[in-house]
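Enquirer: I need the structure of the sequence given here:
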Amino acid sequence: MPLWREKQAPALPPLLKEYCEYRRAHNGVSESTLVRDIETARGFLVQLRRAKKSIEQAALSDVDGFVRKLATRLAKRTVADTCSSLRAFLRFLQTTGKLSADLAGGVIAPRYRIDEQPPRTLPWSDVPRILRSISRSKAPGKRDFAMVLLLATYGWGAAEVLGLRLEDLDWKAGVLRARRPKTNVSIELPLLPAASKALTAYLPWERPPAKSIRRLFLRKSMPYKLITSAAMRHPIQHYARLAGITTKVFGTHAFRHSHASRPIDAGANIKIVSEILGHRSTSSTSIYVRVALQRLRTVALPAPR
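Expert: Next comes the predicted model:
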């Protein structure tokens, strides 16, 4: 049998490669932000090519057209984040002499309130129903059960769970380590018995024998690649349907939101909840107070008759 060769990702064009190196050297961005930056830059360059314009010929009308097109298919917050990436790319073009005009200042992002919509949460009684709907008798049941349990138990997002490595499990100390990619905050939490049991059921029986890959959770069939957040979302939605949960919009973050609102509802210190979630500031955690219904009822005033 010939040796298996992993398919290599296509190389970046020279301009985007230079931009990638520039962002790493001067801005210290996370890898997830860098992916968004590169995709935004690629999309803007494609638009210029379709208009048969060079980079030097780019104008504010091109910037406005790009942002308007984004607004037709993306939420306000996502458009605002993409506008931030577009500004960074336009500054890079001007700094490196590829664009003489200062177009970065003309990128107008939509305004939004960070708390204009409360986070989508599940009633906590729905979480065990979803876990019970996952059959662990055949692959990838043990893997999916372990991933969902970590989401619900520790309040992590998909990025933290999928980023776990074998060395992040300290069995002797009973500690589980993770890193929040969004804020680059390290998280160290106790390896709880339920999580330990789920992981020991998955690792020797379902995890592929891919010694060169240190990530915990992998695809069940060859080639043994890492699981993406999108690929993780689909089975979770399937298990939710099996459990009879008909929420229209449902993803991995619903477990994080449910986990966060539960201790706040029970009266836990918001600073402690913030540290567990890997937030840099308690202001990021305060949004969960809006969905802590039991706690809100204690401050509600009686309705006048």
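
Enquirer: Now that residue 31 has come up, it's in contact with residue 159, right?
Expert: No: the pair residue 31 and residue 159 does not pass the contact test of CB atoms under 8 Å, sitting 10.1 Å apart. To be clear about C-beta, it is placed using only N, CA and C from the backbone, and glycine gets the same treatment.

Enquirer: Comparing those two, which residue is more hemmed in?
Expert: residue 159 (17 against 8; other CB atoms under 10 Å).

Enquirer: circling back to that earlier point, quick check: neighbours shared by residue 31 and residue 159?
Expert: residue 181 (CB atoms under 8 Å, 6 or more residues apart in numbering).

Enquirer: for residue 11, helix, strand, or coil?
Expert: Judged by DSSP: H, G, I helix; E, B strand; the rest coil, the three-state class of residue 11 is coil.

Enquirer: need the contact list for it.
Expert: Here residue 11 is in contact with residue 17 (CB under 8 Å, 6+ apart).

Enquirer: And it, how close does it get to residue 262?
Expert: 46 Å (CB to CB, to the nearest Å).

Enquirer: And the spatially most central residue of the chain, how close does it get to residue 179?
Expert: The chain has residue 159 as the residue nearest its centroid, 5.0 Å off, counting by CA atoms, centre = their mean. Going from residue 159 to residue 179 by CB to CB gives 9 Å.

Enquirer: next one: residue 97
Expert: Counting by CB to CB - residue 97 and residue 179 are separated by 37 Å.

Enquirer: Specify which residue of the two has the higher count of neighbours.
Expert: residue 179 (18 against 8).

Enquirer: wait, is the more buried one part of a strand?
Expert: Yes: counting by three-state DSSP, residue 179 is found in a strand.

Enquirer: got the contact list for it?
Expert: 160, 163, 185, 186, 187.

Enquirer: Quick check on those: which are buried?
Expert: Using 16 or more other CB atoms under 10 Å as the burial test, the contacts of residue 179 include 160, 163, 187 as buried.

Enquirer: so the last one, which of the three states?
Expert: Judged by three-state DSSP, the three-state class of residue 187 is strand.

Enquirer: So what pairs up with it in the strands?
Expert: residue 178 (DSSP bridges).

Enquirer: Listing request: residues of the stretch 51-200 of the chain with sub-threshold pLDDT.
Expert: Applying pLDDT under 70 to the stretch 51-200 of the chain flags residues 112-120, 182-184.

Enquirer: quick one, helices of it?
Expert: 60-71, 76-95, 126-132, 141-154, 158-162, 193-202 (DSSP state H, counting those that start in this stretch).

Enquirer: Would you tell me which of the ones you listed gets closest to residue 21?
Expert: helix 76-95 (10.4 Å; CB to CB).

Enquirer: hmm, who's touching that closest one?
Expert: 19, 22-23, 27, 33, 36-37, 39-41, 44, 55, 58, 63, 66-67, 70-71, 74, 99-104, 107-112.

Enquirer: Which parts of the stretch 201-305 of the chain are helices?
Expert: With DSSP H, counting those that start in this stretch as the criterion, the stretch 201-305 of the chain has helices spanning 229-242, 253-265, 270-277, 282-285, 293-297.

Enquirer: of all these, which has the lowest average per-residue confidence?
Expert: Note on the helices of the stretch 201-305 of the chain: lowest mean pLDDT is at helix 293-297, with a mean of 52.

Enquirer: picking up where we left off before, so which of the contacts of helix 76-95 belong to strands?
Expert: Among the contacts of helix 76-95, no residue falls in strands (DSSP state E).

Enquirer: Mind giving me the ChimeraX select for the residues you listed, buried ones only?
Expert: Per 16+ other CB under 10 Å, the buried members of the contacts of helix 76-95 correspond to this ChimeraX selection:
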select :19,22,23,33,36,37,40,41,44,58,63,66,67,70,71,99,103,104,107,109
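
Enquirer: check contacts around the closest residue to residue 60 other than its chain neighbours.
Expert: Excluding the flanking residues, the one nearest residue 60 by CB to CB, 6 or more residues apart in numbering is residue 106, at 4.6 Å. For residue 106, the contact set (CB under 8 Å, 6+ apart) comprises 60, 63, 64.

Enquirer: Identify the residues contacting the second one.
Expert: Shown here is residue 63, whose contacts under the criterion CB under 8 Å, 6+ apart are 86, 90, 103, 106, 107.
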